[in-house]
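Chemist: Output the structure for:
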Amino acid sequence: MSALNIKKGSTSHSAYDLRDSRAEAIESHTLAVVVANESGVLARVIGLFSGRGYNIDSLTVAEIDHEGHRSRITIVTRGTPHVIEQIKAQLGRLVPVHAVHDLTVEGPAVQRELALIKVAGKGEARIEALRLCEIFRANVVDSTLESFIFEMTGTPEKIDAFADLMRPLGLVEIARTGVAALSRGV
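Modeler: Residues are numbered from 1 along each chain as shown. Coordinates of the predicted model:
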């Protein structure tokens with residue numbers, strides 16, 4: 001048997017394997033990464049995730065300092081506490097990264113996402129869609145005789161709940177920006 005064969009019953013401790021012998025729970029974390037605003041930086045950050053088999057649930061990027069040429073990448077990812085610590089450490093070692101903050105563990109944070117949701121329907125389905133729009137504080141940003149486009153800002157869970165209710169009413173398409181997040185307080 002070669003050294004590359006895995007013995008029956010052995011456990012893997014590779015970063016590629018999210019299973020852990022200590023049965024740690026998979027957690028969702030929101031990371032704020034301040035990077036140099038230069039070409040190729042986003043590709044390097046994404047390459048770090050894909051090269052190690054980590055998943056990105058949400059990703060947003062925008063320049064935050066024009067004079068200092070810095071951008072902020074907000075990443076929502078999942079993993080065991082050990083995997084999350086590896087991700088933060090590996091992000092911190094990338095040369096264009098100035099700071100890595102785990103908003104999930106640093107204290108309360110505000111998270112919002114923008115979604116555009118197209119719903120097609122007539123009659124009672126159309127009336128129900130408008131009623132739910134009011135309850136969820138969505139805005140109608142486009143309307144035809146056969147469809148609406150709703151604009152909604154809120155937590156990812158709120159947007160998921162609204163979309164779930166729109167499915168039986170004629171949900172056609174949804175576009176989401178991804179999470180933007182900031183720590184609360186100073």
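
Chemist: Please, which helix or strand holds the spatially most central residue of the chain?
Modeler: Among the residues of the chain, Ser58 comes closest to the average C-alpha position under C-alpha atoms, centre = their mean, at 2.0 Å. Using DSSP states H and E, the element containing Ser58 is strand 56-65.

Chemist: cool, and Ile149?
Modeler: Applying DSSP H and E, one finds Ile149 within strand 147-154.

Chemist: Give the next helix or strand downstream of that strand.
Modeler: Heading C-terminal from strand 147-154 (DSSP H and E), you reach helix 156-166.

Chemist: model confidence over that following helix, on average?
Modeler: Mean pLDDT, helix 156-166: 97.

Chemist: Which parts of the chain are helices?
Modeler: Listed in chain order, the helices of the chain (DSSP state H) span 41-51, 81-93, 124-135, 156-166.

Chemist: Distance to Glu27 and mean neighbour count added to the ones you listed, as JSON lines?
Modeler: The way it works is simple: take the backbone N, C-alpha and C, and place the C-beta from them, glycine included. Below are the helices of the chain laid out as JSON lines (distance: least, C-beta to C-beta, whole Å; neighbours: other C-beta atoms under 10 Å):
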{"stretch": "helix 41-51", "distance to Glu27": "16", "mean neighbour count": "15"}
{"stretch": "helix 81-93", "distance to Glu27": "7", "mean neighbour count": "16"}
{"stretch": "helix 124-135", "distance to Glu27": "31", "mean neighbour count": "15"}
{"stretch": "helix 156-166", "distance to Glu27": "15", "mean neighbour count": "17"}
